[in-house]
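Colleague: Sequence unavailable; structure follows:
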């Protein structure tokens, strides 16, 4: 993960301002302000680093990413490469040794 640098701070400020006070108040009712700020910082850092997609199962983080023009997906949306699906499975029970 990248640092919350000056570019990310500018992006964060612009996104928060664009979001509007009404939307911020709605979100604050659901979760703590610290969590909201942390989520917004994650999205700001990702955006200034050129990310187009945010992967998270956190609904508020996904919502904020979409508000910032990014795509948001859940972890279940990650495709598993076929070679990973074909890995051998050791059926031996380690408790029976």
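Modeller: Okay, I see it. Computed from a prediction, not measured in an experiment: that's the story for all the values here.

Colleague: going forward, measure contacts and count neighbours with C-alpha atoms only.
Modeller: Noted.

Colleague: Now that residue 15 has come up, it's in contact with residue 66, right?
Modeller: No. Residue 15 is beyond contact range of residue 66, at 11.1 Å (criterion: Cα atoms under 8 Å).

Colleague: what separates residue 42 from residue 32, distance-wise?
Modeller: Using Cα to Cα, to the nearest Å, we find residue 42 at a distance of 16 Å from residue 32.

Colleague: quick revisit: quick check on residue 15 and residue 66: which one has the bigger neighbour count.
Modeller: residue 15 (19 against 16; other Cα atoms under 10 Å).

Colleague: This protein: strands as residue ranges?
Modeller: In the chain, the strands defined using DSSP state E lie at 53-55, 71-73.

Colleague: From the contact counts, what lies against the first one?
Modeller: With contacts defined as 3 or more Cα pairs under 8 Å, 6 or more residues apart in numbering; DSSP states H and E, strand 53-55 has these neighbours: helix 59-67, strand 71-73.
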